[in-house]
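K.L.:
Coordinates for the following, if possible.
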Amino acid sequence: MDMALCGYSGALQLADGSTVRVSLALSSADKKQGLSGLREADFAEDEALLMVNFNNNQRSINMGDTYFNIDVFFLDNDLKVVGLQRNLKAHPGRVEPPAIENSEWVFARHIMEMRSGSSYANRIKQGMVLRWQSQPTVKDIERCMADIWNAENRR
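P.N.:
Okay, the predicted model is just below:
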């Protein structure tokens, strides 16, 4: 995957000290796209997509047009795992039946997607705090996103 696909990229450190390469989905379009359309061969097991938000809300993902199973991690504003769902089933295309799987709804700030069953995804546990290892910080990105959103909605 092109690690700058969504505009920013960085790295997250797991509790055991290992590092996951991260692409950031910042726009609504990038978040809606998620990992849809991406083939497993194009997304390494040490990669993740982090959907960054500037507020907490009920969040979920849809597995339409996915080509590999995904583990989903719901994170709070401190990047603590407040919910996770493993092995969401791939659904190539968007035609039903069969039904397209959706994750459960979780109150969270961010959503992170990884290849299901990867050795890196398997290390992430409920309650674990991930550490952002790059610049700008996630909090800086959140502030910028909030400023843009506020400016656009004042019009």
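K.L.:
Quick check: residue 120 is in a strand.
P.N.:
No. Under DSSP: H, G, I helix; E, B strand; the rest coil, residue 120 sits outside any strand and is assigned helix.
K.L.:
ok, how many other residues are close to it?
P.N.:
Residue 120: 21 surrounding residues under other C-beta atoms under 10 Å. Just so you know, the C-beta spots here come from the backbone N, C-alpha and C atoms, and that holds for glycine as well.
K.L.:
Would you confirm that it contacts residue 45?
P.N.:
Yes. Taking contacts as C-beta atoms under 8 Å, residue 120 lies within contact range of residue 45: 5.9 Å.
K.L.:
Now for these two: what residues contact both?
P.N.:
Overlap of the contact sets of residue 120 and residue 45 (by C-beta atoms under 8 Å, 6 or more residues apart in numbering) consists of residue 114.
K.L.:
So what touches stretch 60-72?
P.N.:
Against stretch 60-72 from outside (C-beta under 8 Å, 6+ apart): 34-40, 43, 84-94, 100-106, 111-118, 121, 124.
K.L.:
next one: that stretch to chain centre, how far?
P.N.:
The chain centroid and the centroid of stretch 60-72 are separated by 11 Å under C-alpha atoms, centre = their mean, to the nearest Å.
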